[in-house]
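Enquirer: Sequence first, then the predicted structure, then my questions.
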Amino acid sequence: MATAGNDSFIAEGMTPPQRILFPPEKICMVWQQRQSAGAGLRNVGNTCFLNAVLQCLTYTPPLANYLLSREHSQACRQQGFCMMCIMEAHVNKVLHSVSAILPLAVLRVFFPSCRRQLLTSCFLVIGEHFQLGREEDAHDFLCCTVNAMQRACLSASNDLDISSQPTTIVHQIFGGFLRSRVICFSCKAISDSYEAFLDVPLDIKAASSLTAALEDFVTPEHLDGENCFQCSKCEKNVAATKRFTVHCAPKVLTVCLKRFDCFTAGKISKVCTLLVCSFLFKKQIS
């Protein structure tokens, strides 16, 4: 889903980056060229999870605009495997084709059995746990793909400081920053820490809507007893509250609905209905 996003790389309390890897003003949130619906993707034995993710990425305007420009491949000096080059070729093929295609370039990355003899030994495999023919998790595949794209954007830059890594085009589109704030009950001291993220995991067991799930995510947590907080100002373990908030919102927010029980590792058996209409564009609803 598209969000307002934060065009800056620095907010209060955060360390500014030493380098900007991609100019934020070049990111366009709407299609720069009118695009009709491209080709569909053929299923190769339970690869619907892969096809669904690829189609979502293909029709994410800021990412598609960049990949259609072929700007990455023209400047890429990476030897062998590059996920950005693969996605660039895939998006251009899909949006310039009419009949359904087989996403072979992507399949070969994740499924060794799809590789041809001509692939060299330097070919880097991501998501080695995926098996062709087996039902896999779409969110797992999305994470592997986006993380590989992020690594590809960082590959040409050496000795980057941590604060500069989120300035890639991938992180500027999909990434944001969470703030964890702990408040000591005794001295009221505030302790903030920040963490980059590419998606937000949401518990849906008690939520009736996406809004409610997001509100649960930012609900303060009470720290006490065995889970108490070590306050640097009080110099002792104390009761406190801890709260996560989205400090810098991504331009395109990815949420992961936690469908598995953390205790049993099985899927949630009860039916969960989430209202998401308020997060969709009017054209998507109609």
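Expert: Arrived safely.

Enquirer: Pull out the buried positions in stretch 26-41.
Expert: By 16 or more other Cβ atoms under 10 Å, the buried positions in stretch 26-41 come out as Ile27, Gly38, Ala39, Leu41. Any C-beta I mention is one placed from the backbone N, CA and C, and that applies to glycine too.

Enquirer: and those residues as TSV, adding distance to Asn65?
Expert: TSV is the format used below for those (distance: Cβ to Cβ, whole Å):
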residue	distance to Asn65
Ile27	8
Gly38	14
Ala39	19
Leu41	21
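
Enquirer: nearest to Thr168, of those?
Expert: The closest of these to Thr168 turns out to be Ile27 (Cβ to Cβ; 11.1 Å).

Enquirer: And the pLDDT at the nearest residue to the closest one once chain neighbours are set aside?
Expert: Leaving aside its sequence neighbours, Ile27 sits nearest to Pro62 (Cβ to Cβ, 6 or more residues apart in numbering; 5.1 Å). As predicted, Pro62 sits at a pLDDT of 97.

Enquirer: out of the buried residues of stretch 26-41, which are inside strands?
Expert: With strands taken from DSSP state E, there is no overlap with the buried residues of stretch 26-41.

Enquirer: just to revisit the earlier point, what helix or strand is the residue nearest to Ile27 on?
Expert: Assigned by DSSP states H and E, Pro62 falls within helix 61-68.

Enquirer: If you count contacts, what does that helix end up packed against?
Expert: Packing partners of helix 61-68 (3 or more Cβ pairs under 8 Å, 6 or more residues apart in numbering; DSSP states H and E): helix 83-95, helix 169-174.

Enquirer: My guess is the residue nearest to Ile27 contacts Gln32. True?
Expert: No: contact between Pro62 and Gln32 fails when scored by Cβ atoms under 8 Å: they sit 9.6 Å apart.

Enquirer: Give me the angle between the helix holding Pro62 and helix 83-95.
Expert: 100 degrees (axes from the mean of the first three to the mean of the last three Cα atoms, to 10 degrees).

Enquirer: So which residues make contact with helix 61-68?
Expert: By Cβ atoms under 8 Å, 6 or more residues apart in numbering, the list of residues contacting helix 61-68 from outside reads 27-33, 35, 57-58, 72, 84, 87-88, 91-92, 95, 169-170, 173, 251-252.

Enquirer: where exactly do the strands run in this structure?
Expert: According to DSSP E, the strands that the chain contains are 176-184, 190-197, 200-203, 221-223, 229-231, 236-238, 240-248, 255-258.

Enquirer: follow-up on the earlier one: which one, of the helices and strands packed on helix 61-68, ends up nearest to Lys258?
Expert: Going by Cβ to Cβ, the one of the helices and strands packed on helix 61-68 nearest Lys258 is helix 169-174, 18.7 Å.

Enquirer: ok, of the helices and strands packed on helix 61-68, where does mean pLDDT dip lowest?
Expert: Among the helices and strands packed on helix 61-68, helix 83-95 scores lowest, at a mean of 93.

Enquirer: which residues are contacting it?
Expert: The contact list for helix 83-95 (Cβ under 8 Å, 6+ apart) reads 35, 38-39, 41, 54, 57-58, 63-64, 67-68, 70, 72-73, 76, 78, 101, 103, 105-106, 109, 126, 145, 148-149, 151-153, 170.

Enquirer: Which members of those residues are classed as buried?
Expert: Of the contacts of helix 83-95, these count as buried by 16+ other Cβ under 10 Å: 38-39, 41, 54, 57-58, 63-64, 67-68, 72, 76, 103, 106, 109, 145, 148-149, 151-153, 170.
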